[in-house]
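J.: give me coordinates for this.
(2 chains)
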Amino acid sequence: MIALLRKEAREHWRFMLVLYLIGALMFALMWIQARSAISPLSAWRMLLVGFGTPAAVLLPNRLVMREYGIHTQLFLESLPIGRGTVLMTKWLAGWIGLMLFFVPAYGAALFAAREQVYLGGGLAGLAGLVALRSVVYLLFVYAGAFAISLTLRFRFVVWGLLFLCVALASSHVQQPVGQWPPFLVAGEAMALEAAHPPWREIAITAGLACALLAAAIALAVASRGALVVVLARRMSAAARTLLAFAFGAIAGVFTLVDKREPPPPFRLEQAVSSQADPAVHVGWMGDIGGVPPQRLAAGMSSDLAAMRDWLGLRKLAPVSLVPDAWREAHEISFGKASPDQLVVRAALGSPELALPQLQEMVRIAEILDQSPAYVWREDRTWLLRGFSAWWQAGRIDGYAALLQRRADFADRLLRAHGLDAEAALRRADTTDEVLGDCLAGAFAWRAVQALHERLGPQRFQALMRAALGQATSDDARGLLKLRATDALLEDAGVPLPRLAQGLNRDGLPPPPSALQVRASRLEGDMFELRYRISGAVPSGARVRYKVLHPGEPYVQSEDTWWAGAGTGGVLPATFAGGTRVFVLAEAYDPDLGCRYRIGAVREALP
Amino acid sequence: MNCLLRLEHITHRFGKVLALDGLDLAVPAGEIYGFLGRNGAGKTTTLRMLMGLMAPDAGRIELFGEQVKSVPVRLKQKIGFVPQEPHFYPWMTARQLGRFVGGFYPAWDDAEFERLLRRLDIPTDRKASVMSGGTRTKLSLALAFASRPPLLLLDEPTTGLDPVARREFNDQMIELQREQGTTVMFSSHLVGEVEQVAQRVGIIQAGSTRFEGTIPSLRAQVRRIVGLEAPFEAEGWQRVRGDVYRVIEAEWNSAVLPPGAVAEPLGLEEIFLAFARTDEMPVS
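T.: Below you'll find the model as predicted:
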């Protein structure tokens, strides 16, 4: 067996080397991508599925087919060694080949993730469980692919039948393929589920792998290996006819299976709903921002209907306001639910929830629902936000004055960061980073308000219809269809530079407080970062931070980590030279009625 | 007679096709046994059975004095094999093949292999993919002899070689057999080749043995009777085909043939044709 193993190594080392290089490259790319994922170990999971699966299929196919392709199995048969031993040695050689890549790769993954993921607990901990799931999954794919490769000329037929079965089953049976044991074992939760591993699915997959291994052995030794020899022969006409019937029969059988029932539509239990269209469901029984839910639902519905008519939008999607007590009052997010519903999550019960901000977000969600491509155009952001705030200001007394105060303060912060109005409008992500959502919205409102004043009601409406009322698809066609905001403003007779010029103000005082961040070397290449809030420090100020990775242009507040609540201190982590760290300080201002950014600093360590 | 290999009443089917039909043969130790038969007569099936690649449906195999149901790997280690068309790994040189093959035989002799390579004039550092057919067959012979096997099986090894290469191969094979005292079973459908190489011959037709013995005894037993007006019938006489009859030599010497009929000796090829042809005889 050693001589055979040596022969396999000599025969296939080039192929394996190429495979390893591809795997290493994929691992590196996936590791970079996983930096923004929920766990760095998700890179391992991506490698396992994205590279491990094809590698575990290709290896046995090459090991077996090459032998039969150049008829060297006839030479092996003349030696004093059984066919079963030959094929089992190949099985072992392929498995060793896989492990020679995956074991060091897993070691590297654990080493790289050691400071971000808790790897304690030995074999019962996350590291042991991920290793177990990886081995079981790879074993399943490899054993299956090896057994199929032993069907030689029939292997493509078997793969075809397999894919047909999986595709049909996936579309017909109630449980999607992703929930089947082998796929669940290597599912997305693999890097997270240390506490509740799917033992049942792991056991089923391991059992299937053993069954496939047994099938491979049976194929290899059946009739002293003569079955494999028979399978290596050209298919007869009768066999081809039989296979055509097999494909047809499988497809036919699946037509008898009922179609998968669609998931039940999203429905808020005990929600208060509006009567008019678009439907607004409020999942909170108490007052929201001082307004009873029934009144809020009805008011939002009529408000959305008015906006729909004004912008010339199509029928709006129903909206469900879902309470989420774990959020902070200013954190409002939205998404889609089946079938074609919008779900907006917010801390509905929080006394600090700003109702106008919630209503602005619902409006933005409805516009983006009809034109998802707006998300891809950074130059459209200020128009979208500003319009929603402008619409709001026209319906609440005194809201325009509040927005004005916020916009004035935003001006001071932008000036302190060296951003003029035009740059702030064009670079919406940077403006968000410097100002935070609340002040960035107010700054956008001021620009939209200025547009309204310059264009007059009718031309302003026409511009808004052209800029925000165009239905687009959620793909490249949508992006191609969208016109640049610059071009739309040019057509309307208010070019962006001229509009921005009118927004710039001279003689603004600097912000009352500022954030300073300083790096100090600890030892060698390691640094710590100290922060200090200078000036009139507002109460409740807090500092957050995030390590920046290449290609990460904009940081959302939710992605940052807590650093401290004092006026000065040290970030709780240490950093290697060359690292870039984003640090922000924010506070609530009663006069502005929202949180604002005292400062936002990107610090690059030497 | 000390036989290294004996097959008795061996039967084997491939589905509906009866490949071996009660085959009997015995290969005496130290001799070269010519296994003659047409294509499809069952020669390769017999040799594959002796290589342990298939088991008989019925019958008895006796190998090295041991009765076995099918040939196990431990006995296969004592058998050398030269196939009709050697399929070596194309990336291996002769030396690398020697090292690879040697790992499977306990009695492998590296020095002997090197000697055989020189003697058979096989290039040691050329990959198998660029070797000629004749060189590959000689390499196969060297690999078979280097394990010093008591029994060597050759499955039509010279098919595809030109007459000169065939003669060279056979000469070298005979010399090596003499040097090592190996028992050789040599299958072929070329009568002249068997006549040149073998001391004993077995003729197989449709999966069963039609004749087995030395070549002189075959010549002595099978003759043609010329001038017969009707088929000749007598006790102990076997009509092989047409006017070719088989009987023990003593009977030929004392036989009283019909008036005008004369017995003529036959060449090995004519004898083989008489045993192997299955087409209808033309009416004379």
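J.: relative to chain B, how far out is residue A:267?
T.: As judged by CB to the nearest CB, to the nearest Å, residue A:267 and chain B stand 64 Å apart. In this view, the C-beta of every residue, glycine as well, is placed from N, C-alpha and C.
J.: now for chain A, the helix or strand with the poorest mean pLDDT.
T.: Least confident helix or strand, chain A: helix A:226-231 with a mean of 62, by mean pLDDT, DSSP states H and E.
J.: spatially nearest residue to the residue of the stretch 501-606 of chain A found nearest chain B, not counting backbone neighbours?
T.: The nearest approach of the stretch 501-606 of chain A to chain B comes at residue A:550, 43.5 Å away (CB to the nearest CB). Nearest non-adjacent residue to residue A:550, counting by CB to CB, 6 or more residues apart in numbering or on different chains: residue A:32, 7.4 Å away.
J.: cool, residue A:433 as well?
T.: Using CB to CB, 6+ apart, the closest residue to residue A:433 is residue A:600 (5.3 Å).
J.: my guess is the one you found contacts residue A:557. True?
T.: No: the criterion here is CB atoms under 8 Å, and residue A:600 misses it with residue A:557 at 10.1 Å.
J.: between those two, tell me which one has more neighbours.
T.: Using other CB atoms under 10 Å in any protein chain shown, the more surrounded residue of residue A:600 and residue A:557 is residue A:600, with 22 against 18.
J.: return the residues of chain B in contact with chain A.
T.: Residues of chain B found near chain A (CB under 8 Å from any CB of the partner chain) are B:51-55, B:70, B:73-74, B:76-77, B:79, B:81, B:83, B:86-91, B:100-101, B:103-105.
J.: nearest to chain B: which residue in chain A?
T.: For chain A, CB to the nearest CB, closest residue to chain B: residue A:3, 3.3 Å.
J.: for that residue, give me phi and psi.
T.: Here is the backbone geometry of residue A:3 (degrees, to the nearest 10): phi -60, psi -40.
J.: try residue A:288
T.: In terms of degrees, to the nearest 10, the main-chain angles of residue A:288 are phi -120, psi 110.
J.: can you map out the helices along chain B?
T.: For chain B, applying DSSP state H gives helices covering B:43-50, B:73-76, B:94-102, B:110-119, B:133-146, B:163-180, B:191-197, B:215-221, B:249-254, B:268-276.
J.: what's the fifth one packed up against?
T.: Translated: helix B:133-146. Helix B:133-146 sits against strand B:79-82, helix B:94-102, helix B:110-119, helix B:163-180, with contacts defined as 3 or more CB pairs under 8 Å, 6 or more residues apart in numbering or on different chains; DSSP states H and E.
J.: mean confidence score for that helix?
T.: Helix B:133-146 comes out with an average pLDDT of 88.
J.: got the angle for that helix vs helix B:110-119?
T.: If you take axes from the mean of the first three to the mean of the last three CA atoms, to 10 degrees, helix B:133-146 sits at 150 degrees to helix B:110-119.
J.: how about the first one?
T.: Regarding helix B:43-50 and helix B:110-119, their directions subtend 160 degrees when assessed with the same axes, to 10 degrees.
J.: repeat for the longest one
T.: Going by the same axes, to 10 degrees, helix B:163-180 is angled at 150 degrees with respect to helix B:110-119.
J.: how about the residue of the stretch 51-200 of chain B found nearest chain A, what does it touch?
T.: In the stretch 51-200 of chain B, the residue that lies nearest chain A is residue B:103 (3.3 Å; CB to the nearest CB). Each residue near residue B:103 by CB atoms under 8 Å, 6 or more residues apart in numbering or on different chains is listed here: A:2, A:3.
J.: okay, stretch A:204-217 in CSV with CA atoms only?
T.: Taking Å, rounded to 0.1, in the frame of the first residue of the first chain, the C-alpha atoms of stretch A:204-217 are listed here in CSV:
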residue,chain,number,x,y,z
ILE,A,204,-27.0,11.9,10.0
THR,A,205,-24.3,13.4,7.8
ALA,A,206,-21.6,11.2,9.4
GLY,A,207,-23.9,8.2,8.9
LEU,A,208,-24.4,9.1,5.2
ALA,A,209,-20.7,9.5,4.8
CYS,A,210,-20.1,6.0,6.2
ALA,A,211,-22.8,4.6,4.0
LEU,A,212,-21.2,6.2,0.9
LEU,A,213,-17.8,4.8,2.0
ALA,A,214,-19.4,1.4,2.3
ALA,A,215,-20.9,1.8,-1.1
ALA,A,216,-17.5,2.7,-2.6
ILE,A,217,-15.9,-0.4,-0.9
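J.: and the nearest residue to residue B:221 once chain neighbours are set aside, how far from residue A:427?
T.: Excluding the flanking residues, the one nearest residue B:221 by CB to CB, 6+ apart is residue B:246, at 5.3 Å. Counting by CB to CB, to the nearest Å, the gap from residue B:246 to residue A:427 is 107 Å.
J.: over to residue A:490?
T.: Taking CB to CB as the measure, residue A:490 falls 19 Å from residue A:427.
J.: try residue A:344
T.: Distance, residue A:344 to residue A:427, by CB to CB: 27 Å.
J.: could you check which of the two is surrounded by more residues?
T.: Using other CB under 10 Å as the criterion, residue A:344 and residue A:427 rank with residue A:344 on top: 22 against 19.
J.: need the contact list for the more buried one.
T.: Residues in contact with residue A:344 (CB under 8 Å, 6+ apart) are A:319, A:320, A:321, A:322, A:332, A:333, A:334, A:358, A:361, A:362, A:365.
J.: ok, now residue B:113?
T.: Applying CB under 8 Å, 6+ apart, we find residue B:113 in contact with B:98, B:102, B:142, B:143, B:146.
J.: leaving out the residues flanking it, which one is nearest to the second one?
T.: What it means is residue B:102. Using CB to CB, 6+ apart and skipping residues adjacent in sequence, the residue nearest residue B:102 is residue B:108, 3.9 Å away.
J.: report the contact partners of that neighbour.
T.: Here residue B:108 is in contact with B:101, B:102, B:146, B:147, B:148 (criterion: CB under 8 Å, 6+ apart).
J.: pLDDT weak spots in the chain?
T.: Reading this off chain A. Counting by pLDDT under 70, the ranges of chain A that qualify are A:35-39, A:117-118, A:120-124, A:172-175, A:192-195, A:223-236, A:254-261, A:551, A:553.
J.: please go with chain B instead
T.: Along chain B, segments meeting pLDDT under 70 span B:1, B:278-284.
J.: which strands and helices lie in contact with the helix or strand residue A:68 falls within?
T.: Per DSSP states H and E: residue A:68 is located in helix A:53-69. Contacts defined by 3+ CB pairs under 8 Å, 6+ apart place helix A:53-69 against helix A:2-34, helix A:83-113, helix A:126-149.
J.: for it, list every residue counted as buried.
T.: Across helix A:53-69, burial judged by 16 or more other CB atoms under 10 Å in any protein chain shown covers A:53, A:55-57, A:59-68.
J.: also stretch A:383-395?
T.: Neighbour-count burial for stretch A:383-395 flags A:383, A:384, A:385, A:386, A:387, A:388, A:389, A:390, A:391, A:392, A:393 (criterion: 16+ other CB under 10 Å).
J.: can I get those in JSON lines including secondary structure and distance to residue B:267?
T.: Below are the buried residues of stretch A:383-395 laid out as JSON lines (DSSP: H, G, I helix; E, B strand; the rest coil; distance: CB to CB, whole Å):
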{"residue": "A:383", "secondary structure": "helix", "distance to residue B:267": "106"}
{"residue": "A:384", "secondary structure": "helix", "distance to residue B:267": "104"}
{"residue": "A:385", "secondary structure": "helix", "distance to residue B:267": "107"}
{"residue": "A:386", "secondary structure": "helix", "distance to residue B:267": "111"}
{"residue": "A:387", "secondary structure": "helix", "distance to residue B:267": "109"}
{"residue": "A:388", "secondary structure": "helix", "distance to residue B:267": "109"}
{"residue": "A:389", "secondary structure": "helix", "distance to residue B:267": "113"}
{"residue": "A:390", "secondary structure": "helix", "distance to residue B:267": "115"}
{"residue": "A:391", "secondary structure": "helix", "distance to residue B:267": "113"}
{"residue": "A:392", "secondary structure": "helix", "distance to residue B:267": "115"}
{"residue": "A:393", "secondary structure": "helix", "distance to residue B:267": "119"}
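J.: that concludes my questions; thank you for your assistance.
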